[in-house]
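Enquirer: quick check, what structure comes out for this input:
(one chain, ligands or ions: 2)
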Amino acid sequence: MSSFSRKMLLKYVRLRRVYIKLFFAVSILLFIILVFFLNFDIDEQLKHNKQELSTNLSAMYEIQLKDYENRIIPHLGENGDPAYLEGSDAKEGEKALKKIALNSVLSDRIPLNRRLRDPRNKKCRLFSYDPKLQASIIVIFYNEQFSVILRTVWSSILQTPKHLLKEIILVDDGSTESSLHGLLDHYLATRLSDHPVKLVRIPKRVGLIRARLEGARKAVGDVLIFLDAHCETTVGWAEPLLQRIEEDRTVVLVPLIDVIEADTFAYSTDGESSFQVGGFSWSGHFTWIDVQPSEVEAKKAVKPVRSPTMAGGLFAINRKFFWEIGSYDEQMDGWGGENLEMSFRIWQCGGRLETIPCSRVGHIFRAFHPYTFPDNKDTHGINTARLAHVWMDSYKRFFFMHQPSLENNPIVGDLTHRKQLRQKLRCKDFKWYLDNIYPEKFVPDENVQAYGQARTPFDMCLDDLQLPEDRAGPLGLYQCHPRLEISQFFSMSARGELRKENVCAEVFNDRDVQLTECHGHRREQYWILYRNGTIHHPSSGKCLSNENVSMSHGLKVDTCRETVYQRWKFDHVNMT
Ligand code: LR7
Ligand code: MN
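Expert: Numbers count the residues shown, from 1 in each chain. Ligands and ions are numbered 1, 2, ... in the order given. All right, here's what the predicted structure looks like:
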């Protein structure tokens with residue numbers, strides 16, 4: 001081949017390479033452009049689809065909601081009157097009541113914005129209020145009924161003057177009920193858009209204590225008002241709370257809590273002026289107690305009444321003071337205990353707890369909890385053990401006598417932060433609280449004539465036979481336990497009662513001895529313990545005897561005589 005033709009060939013080959021490169025470059029470019037447009041198109045498509053989906057969903061919720069609204073029966077349950085359903089609805093309602101302790105079928109038929117009668121004592125109308133503070137109402141819920149939550153919201157909107165309502169914060173503690181997701185959002189967006197209602201979602205259930213904390217963190221109003229998610233407020237409920245906190249930022253207030261019946265949704269009041277305040281039992285439960293003697297005058301005048309504790313679900317507190325005084329114990333899980341913790345802390349660390357009789361809120365009391373707790377953990381017990389260690393000093397001995405397994409149990413968790421808080425706030429001790437705030441509280445081993453196990457010469461002991469708290473039942477006898485246990489812990493009080501915490505030995509028919517609620521008027525609950533171990537009952541003229549007593553039946557009083565059957569020996573006797 002000539003050199004010319006070789007040159008031509010080389011040139012041709014080079015040129016071809018360039019073309020090939022060019023071809024690839026252009027193809028890649030085209031491919032990129034194609035992908036870009038295609039992608040763009042997909043994005044557009046996705047966006048479009050999303051929009052369509054949400055319009056469709058929203059249309060679907062709207063249909064659901066309309067359907068729901070159409071089934072509401074106008075005026076049912078108005079004024080708080082009891083409501084009833086008929087036919088199959090009535091049957092379904094009864095089923096629901098058994099299953100979730102609430103007639104949810106009926107709830108769904110009662111208007112969400114029903115009006116209630118003014119339940120207040122007439123004297124309340126004579127007070128005038130003009131508070132400047134605004135409220136953040138915090139409502140936490142876990143799988144509560146849609147209509148019940150919304151009735152809480154609606155009553156709060158309708159019964160709180162607009163200028164006093166900063167916001168309503170709903171906190172969903174990880175509910176799994178589907179109606180509390182899309183449908184609830186849709187309701188808020190379409191039916192409540194003109195009102196300051198916010199919804200905070202906690203993705204995984206954290207328990208009611210941390211749920212309230214979450215709500216409090218989001219709140220911006222001057223005063224936090226916490227409500228359970230099954231409440232209805234009534235006319236004039238907010239003003240006296242806000243006014244009192246304006247006067248004194250360190251008071252924590254509880255409205256008077258009325259009962260909304262779980263079966264008929266009737267708003268029942270115990271008459272205009274009879275109400276109770278909060279106490280506690282040594283087993284760590286909240287109890288209702290009569291208004292204290294020192295407060296009876298205030299009660300008559302429907303003025304704020306001091307309360308040793310609060311139930312926990314419904315209360316108002318200055319927002320800044322809530323954080324200053326230690327908010328909640330964040331390590332408390334689930335349900336229970338936080339109410340007594342907060343009550344003791346408020347009193348011991350310089351605050352006050354009061355019931356405001358002119359502020360009335362209804363609460364649905366359910367016969368049982370419709371929910372369970374993860375791992376069946378006894379959160380009430382554990383939380384109470386936490387508060388006992390932190391706040392009750394040596395008086396925690398009584399709680400741990402009820403719950404010995406929790407006394408030195410690591411499950412209770414670390415308490416450093418709460419103990420530091422108590423130091424930082426320079427809080428008073430539990431004895432101060434008992435002496436000054438709750439002097440009526442019976443302390444089984446203080447200021448008593450005798451206490452401990454009360455033994456017969458045959459090593460049998462007085463025993464409550466596992467009587468549930470606040471029930472009446474026979475005073476029994478059982479083999480003495482090797483260690484003092486709560487069921488055998490009896491006291492002979494200074495007043496001459498043979499008693500446990502709130503139950504006293506009382507003689508019926510001059511014969512049978514029962515444990516019944518202590519009334520404090522001596523009579524059939526009056527006993528005299530003699531040095532020789534006889535326990536004499538003056539009103540029958542007889543003595544406590546264990547002759548012929550069977551294990552399951554109660555003790556009797558019998559003619560006093562010299563016999564081993566009428567000898568009792570307490571572990572500790574303080575008689576001089
Ligand atoms: O895991 C949970 N997460 C929650 O958000 C469990 C419950 N909750 C919500 C629940 O949906 C409800 O809104 O927490 C609120 C309270 O739960 P309830 O209604 O089951 O409690 P309760 O009314 O039986 O119990 C009383 O004691 C509790 C102790 O932890 C709380 O302090 C409750 O708020 C309290 N309720 C009241 O004080 C109302 C007055 C009744 C009395 C006495
Ligand atoms: Mn409740």
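Enquirer: read off the pLDDT value for residue 375.
Expert: Here, the pLDDT recorded for residue 375 equals 81.
Enquirer: from ligand 1, how far out is it?
Expert: 13 Å (C-beta to the nearest ligand atom, to the nearest Å). Quick note: C-beta positions are derived from backbone N, CA and C, even for glycine.
Enquirer: am I right that that residue is in a helix?
Expert: Yes - if the criterion is DSSP: H, G, I helix; E, B strand; the rest coil, then residue 375 is within a helix.
Enquirer: just after the lengthiest helix in the chain, pick out the following helix or strand.
Expert: The residue-count maximum for a helix in the chain (DSSP state H) belongs to helix 3-70. Note on helix 3-70: by DSSP states H and E, the next helix or strand toward the C-terminus is helix 87-100.
Enquirer: what's in contact with that next one?
Expert: 84-85, 102-106, 109, 145, 262-263, 366, 370 (C-beta atoms under 8 Å, 6 or more residues apart in numbering).
Enquirer: which SSE is immediately downstream of it?
Expert: Following helix 87-100 in sequence, per DSSP H and E, is helix 104-109.
Enquirer: using PDB, write down the CA coordinates of that next one.
Expert: Output of helix 104-109 as PDB, limited to C-alpha atoms (Å, rounded to 0.1, in the frame of the first residue of the first chain):
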ATOM      1  CA  SER A 104     -69.900   5.200  73.700                       C
ATOM      2  CA  VAL A 105     -72.900   4.600  71.500                       C
ATOM      3  CA  LEU A 106     -74.900   7.100  73.500                       C
ATOM      4  CA  SER A 107     -72.000   9.500  73.600                       C
ATOM      5  CA  ASP A 108     -72.000   9.500  69.800                       C
ATOM      6  CA  ARG A 109     -75.700  10.500  69.700                       C
END
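Enquirer: can you name the residues in contact with that helix?
Expert: 68, 71-73, 76-77, 83-85, 89, 92-93, 96, 145-148, 151, 263-265.
Enquirer: hmm, 7 Å instead?
Expert: 68, 71-73, 76, 83, 85, 89, 92-93, 96, 145, 147-148, 265 (C-beta atoms under 7 Å, 6 or more residues apart in numbering).
Enquirer: in this protein, where is pLDDT below threshold?
Expert: For the chain, the stretches flagged by pLDDT under 70 are 1-4, 40, 270-273, 551-552, 576.
Enquirer: and it, which of its residues are near ligand 1?
Expert: 140-142, 144, 173, 205, 207-208, 211, 228-229, 257, 286, 311-314, 334-336, 338-339, 363, 369 (C-beta under 6 Å from any ligand atom).
Enquirer: buried subset of these?
Expert: 140-142, 144, 173, 205, 207-208, 211, 228-229, 257, 286, 311-314, 334-336, 338-339, 363 (16 or more other C-beta atoms under 10 Å).
Enquirer: for the chain, longest strand please?
Expert: Ranked by residue count under DSSP state E, the longest strand found in the chain is strand 352-364.
Enquirer: flag every buried residue along stretch 69-88.
Expert: In stretch 69-88, counting by 16+ other C-beta under 10 Å, buried: 76, 77, 80, 83, 85.
Enquirer: so where do the strands sit in the stretch 351-500 of the chain?
Expert: 352-364, 448-455, 460-463, 473-474, 476-479, 490-493, 498-499 (DSSP state E, counting those that start in this stretch).
Enquirer: contacts for the fifth one?
Expert: Where contact means C-beta under 7 Å, 6+ apart, the residues beyond strand 476-479 that reach it are 459, 460, 461, 462, 463, 464, 465, 546, 549, 551, 554, 555.
Enquirer: for ligand 1, state which of these is nearest.
Expert: residue 464 (24.2 Å; C-beta to the nearest ligand atom).
Enquirer: I figured the closest one hits residue 487, correct?
Expert: Yes - assessed by C-beta atoms under 7 Å, residue 464 is found in contact with residue 487 at 5.0 Å.
Enquirer: those two: who's more crowded?
Expert: residue 464 (22 against 19; other C-beta atoms under 10 Å).
Enquirer: next, count neighbours for residue 393.
Expert: 15.
Enquirer: distance to residue 49 added to the contacts of strand 476-479, as TSV?
Expert: Shown next, in TSV, are those (distance: C-beta to C-beta, whole Å):
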residue	distance to residue 49
459	81
460	79
461	76
462	76
463	72
464	68
465	69
546	82
549	80
551	75
554	75
555	79
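Enquirer: most neighbours among those, please name it.
Expert: residue 462 (27 neighbours).
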